[in-house]
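> Give me the fold of what follows.
(chains A and B)
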Amino acid sequence: MATVSLENLKKSFGKTDVIHGVDIEIEDGEFIVIVGPSGCGKSTLLRMVAGLETVTSGEVRIGGTRVNEVEPMDRDIAMVFQNYALYPHMSVFDNMAYGLKIAKVPRAEIEARVQTAARMLQLEEYLKRRPRELSGGQRQRVAMGRAIVRKPAVFLFDEPLSNLDAKLRVQMRLEIKALQRELGVTSLYVTHDQVEAMTLADRMIVMHDGVADQVGAPLEVYANPQTAFVAGFIGSPPTNFLDAGRVGGGPAGAQVGIRPEHVRLGATGKLAATVAYAEALGAETLVHLRTEDGAAITVRQDAGEPIPAEGASLHLDWSPEHQMVFGADGRRAG
Amino acid sequence: MEKRVTFKGIWLPILLVFPQILITAVFFFYPAGQAIWQSLFIPDPFGLSMQFVGLGNFEFLLSDPYYRASFATTAVFSSLVTIVSMAVALYLAVLAERLIKGSGTYRTLLIWPYAVAPAVAGVLWLFMFNTRVGVVTWYLGLLGYDWNHVLNEGEAMGLVVVASAWGRISYNFLFFLAGLQAIPKSVIEAAAIDGARFWTRFRTIVFPLLSPTTFFLLVVNIIYAFFETFGVIHTITSGGPQQATTILVYKVYADGFVGQDLGSSAAQSVILLVVVSILTVVQFKFIERRVHY
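Predicted structure coming up:
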């Protein structure tokens, strides 16, 4: 178990800066999710913690000790890769035991630890199989097992669920969460999936163009996004953005953001709009509208409410406390 | 899934494979048939008549100590060529794979020797090791070593092995490099995180994952050493000294075209034909069974 600290961490590949200085103090046992779109630098950040990428400047500390120059194997970490990175020529047992054998752990203890992990992950009957004889979900479990048996101070997950189908992803998400709670190991988890981020994280780091836009508990980030990017990225369907001048309030170039569930449709309101189409999803309905100046707006309403007809002219309204104002630089202004 | 082209008629496919069949027939089936036929006869010294001897040529060969010695020489020679060319190629490929800057130049330069014909390569090495004017011989002389592959059997074998392996390194290098690059980077990274340092990773992960490539190259190189090294041996040692570098394929030439013993030469060709058939069968058997990860 250990704390992890990143201090003004930067990374450049040649002249291209990919990480512009990230700071975070991760507590012992905390589950941190790094979330962001492709190319935002989230994987690079994780690989710097793992020691698979060099640190351009700044500092990585694990358990209070600076590890910038420490080899991956000496950092007391374990990593689960997106493609699982199992050793294809070894059995499931040998895959899990590999690290322990290298560490010269006694044979009996290796056996015991692998058995325990296999039981935890329901892999007992597959221990003699090769990775290619397993399904995607089982391979995923082996990758987890390989991380668990080493009893590392920190778990690193690099988009571990993105190669699984949707149903399995939901199931494995729950299992990862339960496992992390049970073992209490500090974890860093990279994903581009905001649902994974919301459900797994104790705290999440929302990355955007190499900058940590916001760090915080999922619901806090959702309720109170600090930048227009975070407001747009976290939440599905995304936050609606309107020109602040049109809805009254905010400096020049500012935008107003309102989440789809906070917009009400009615005969009167702040803004007129035409219904483009409505998606009835069962539990809820997503109504897509277009304002007079062409901005697209999505409204989420409960299934009980009447579904407006396509082409209907309606008005949009919302309470002022739900209105989020972002300045021209994208930062939260009110 | 394998994609198959289906033809409507029979004539187009026949037309398409005809050139290849023709070439194989003219340059392989016909000479091979001739060799089998001739191996059953002993011609007179002037080539005017042939006497049928059944398997007499084979009987004579298998009891001939020189022929058996040639088998041993071939075994030593081809093992050495294969081991040297593969080991050096693997070493260079591992280095090339780790290289970040200038790897393109490095690779291109390494591939060049493959373009040199064996006979030309033989002459190049012969120049360097010439007992009177060779530059390497001269430097060895400065070090107090008297190089003379014309008299020393071990040195002769060493020289033909080096000259034969040299061009082959490029070929093996290409395959090893491709094999190394096909190993997912994350597997290596996972092993690094699991605590394996470079040599352990190479031994336990990289080398086992390269084994299909290694096996393929093993067979291909043995076949090369058996047959295609004729040019090197002919230019450098002509099989000498005292037949120390007379490998089987060179003996076919020496006995047939120099010694004019065409019956024995043909019988040797047939034996070689059997050997290469076995090697090819082994190669295909294993390539089919080749592990797919």
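
> pretty sure A:E292 contacts A:R246?
No. In this structure A:E292 lies outside contact range of A:R246 using C-beta atoms under 8 Å: 9.1 Å. Backbone N, C-alpha and C define where each C-beta goes, glycine included.

> who's more crowded, these two?
A:R246 (15 against 11; other C-beta atoms under 10 Å in any protein chain shown).

> for the more buried one, what are its contacts?
The contact partners of A:R246, taken as C-beta atoms under 8 Å, 6 or more residues apart in numbering or on different chains, are A:271, A:291, A:293.

> Could you do B:S269 as well?
B:S269 touches B:35, B:39, B:252, counting by C-beta under 8 Å, 6+ apart.

> Drop anything exposed from the contacts of A:R246.
A:271, A:291 (16 or more other C-beta atoms under 10 Å in any protein chain shown).

> Among the contacts of A:R246, which one sits closest to A:G304?
Of all those, A:L271 has the smallest distance to A:G304: 24.1 Å, by C-beta to C-beta.

> Run through the bridge partners of that closest one.
Applying DSSP bridges to A:L271 gives these bridge partners: A:L316.

> and it, what is it in contact with?
By C-beta under 8 Å, 6+ apart, the residues touching A:L271 are A:242, A:246-247, A:291, A:315-316.

> now what about the longest helix seen in chain A, what contacts it?
When chain A is parsed with DSSP state H, its longest helix is helix A:166-183. Residues from elsewhere that reach helix A:166-183 (C-beta under 8 Å, 6+ apart): A:31, A:120, A:136-137, A:140, A:144, A:148, A:155, A:157, A:160-162, A:164, A:187, A:189, A:196, A:199-200.

> go with 7 Å
Residues from elsewhere that reach helix A:166-183 (C-beta atoms under 7 Å, 6 or more residues apart in numbering or on different chains): A:31, A:136-137, A:140, A:161, A:164, A:187, A:196, A:199-200.

> Local confidence estimate at residue 151?
You didn't pick a chain, so chain A it is. Note on A:K151: pLDDT of 88.

> The intended chain is chain B.
For B:L151, the predicted pLDDT is 84.

> which bits of chain B sit near chain A?
Applying C-beta under 7 Å from any C-beta of the partner chain, we find that chain B lies next to chain A at B:184, B:186-187, B:189-190, B:192-196, B:200, B:205, B:208-209, B:293.

> Highest neighbour count among those residues?
Within those, neighbour counts (other C-beta under 10 Å) peak at B:A190, which reaches 29 neighbours.

> hang on, isn't that residue packed against A:Q82?
No. Between B:A190 and A:Q82 there is no contact under C-beta atoms under 7 Å: 11.5 Å.

> Contacts for the helix or strand where A:A197 lies next, please.
Assigned by DSSP states H and E, A:A197 belongs to helix A:194-200. Contacts to helix A:194-200, defined as C-beta under 7 Å, 6+ apart, come from residues A:31, A:33, A:35, A:161, A:173, A:176-177, A:189, A:191, A:204, A:218, A:233-234, A:236.

> Which residue lies nearest the spatial centre of chain B?
When C-alpha atoms, centre = their mean is applied to chain B, the residue found nearest the centroid is B:Y224 (1.6 Å).

> just checking, what packs against the lengthiest helix in chain B?
Taking DSSP H as the criterion, chain B has its longest helix at helix B:65-98. On a contact count with 3 or more C-beta pairs under 7 Å, 6 or more residues apart in numbering or on different chains; DSSP states H and E, helix B:65-98 meets helix B:103-111, helix B:153-181, helix B:207-227, helix B:248-253.

> Mind putting those into a markdown table with distance to A:A276?
As requested, these are exported to a markdown table (distance: least, C-beta to C-beta, whole Å):
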| stretch | distance to A:A276 |
| --- | --- |
| helix B:103-111 | 53 |
| helix B:153-181 | 50 |
| helix B:207-227 | 54 |
| helix B:248-253 | 80 |
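
> Least reliable of these by average pLDDT, please.
Among these, helix B:103-111 scores lowest, with a mean of 82.

> quick one, it and helix B:65-98 angle?
170 degrees (axes from the mean of the first three to the mean of the last three C-alpha atoms, to 10 degrees).

> Buried ones in helix B:103-111, by neighbour count?
Buried-residue list, helix B:103-111, by 16+ other C-beta under 10 Å: B:107, B:110.

> Need the contact partners of that helix.
For helix B:103-111, the surrounding residues in contact (C-beta under 7 Å, 6+ apart) are B:92, B:96, B:99, B:170, B:173-174.

> Please work out the average pLDDT along stretch B:67-78.
Per-residue scores along stretch B:67-78 average to 91.

> Run the chain-centre distance for that stretch.
From the chain centre to the centre of stretch B:67-78 is a distance of 14 Å (C-alpha atoms, centre = their mean, to the nearest Å).

> neighbouring contacts of that stretch?
B:61, B:157, B:161, B:222, B:225-226, B:243-248, B:251.

> related to what we said a few turns ago, list buried residues within the contacts of helix A:166-183.
Buried members of the contacts of helix A:166-183, scored by 16+ other C-beta under 10 Å, are A:31, A:137, A:140, A:161, A:164, A:187, A:196, A:200.

> Can you report how many residues neighbour B:F230?
18.

> That one contacts B:L248, doesn't it?
No. With contact defined as C-beta under 7 Å, B:F230 does not count as touching B:L248 (10.2 Å).

> Tell me, please, where in chain B the pLDDT is lower than the cut-off.
Scanning chain B for pLDDT under 70 picks out B:1-3, B:100, B:287-293.

> Kindly apply the preceding question to chain A instead.
Short version for chain A, where the test is pLDDT under 70: A:1, A:248-250.

> what's near enough to touch the closest residue to B:V88 other than its chain neighbours?
Nearest residue to B:V88, sequence neighbours excluded (C-beta to C-beta, 6 or more residues apart in numbering or on different chains): B:I169, at 5.2 Å. The neighbours of B:I169, taking C-beta under 7 Å, 6+ apart as the test, are B:85, B:88-89, B:113.

> Please report how far B:I169 lies from B:N221.
From B:I169 across to B:N221, the span is 10 Å (C-beta to C-beta, to the nearest Å).

> which neighbours do these two share?
With C-beta under 7 Å, 6+ apart as the test, B:I169 and B:N221 both reach B:S85.

> buried stuff in stretch A:311-326?
If you call a residue buried by 16+ other C-beta under 10 Å, then stretch A:311-326 has these buried ones: A:314, A:316-318, A:323-326.

> How about stretch B:255-265?
For stretch B:255-265, a neighbour-count test (16+ other C-beta under 10 Å) marks B:255-256, B:261-265 as buried.

> Now A:D293, what are its backbone angles?
phi -90, psi 10 (degrees, to the nearest 10).

> returning to what we had before: so which of the contacts of A:L271 comes closest to chain B?
Here the nearest of the contacts of A:L271 to chain B, counting by C-beta to the nearest C-beta, is A:L242; it sits at 43.7 Å.

> Can you report how many residues neighbour A:P308?
If we define neighbours as other C-beta under 10 Å, then A:P308 has 19 of them.

> quick one, phi/psi of the closest residue to it other than its chain neighbours?
In space, and not counting its chain neighbours, A:P308 is closest to A:V275: 4.8 Å by C-beta to C-beta, 6+ apart. Phi and psi for A:V275, reported as degrees, to the nearest 10, are phi -70, psi 120.

> so what's A:V275 bridging to?
Applying DSSP bridges to A:V275 yields these beta-bridge partners: A:L289.

> now swap in the one 5 residues further on and tell me
Here A:A280 sits in beta bridges with A:T285, going by DSSP bridges.

> and the gap between it and chain B?
A:A280 is 40 Å from chain B, where distance means C-beta to the nearest C-beta, to the nearest Å.

> Would you mind measuring from that residue to A:A273?
A:A280 is 19 Å from A:A273, by C-beta to C-beta.

> In terms of neighbours, single out the busier of these two.
A:A273 (23 against 11).

> Please name the nearest non-neighbouring residue to that one.
Using C-beta to C-beta, 6+ apart, the nearest residue to A:A273 is A:L289, at 4.0 Å.
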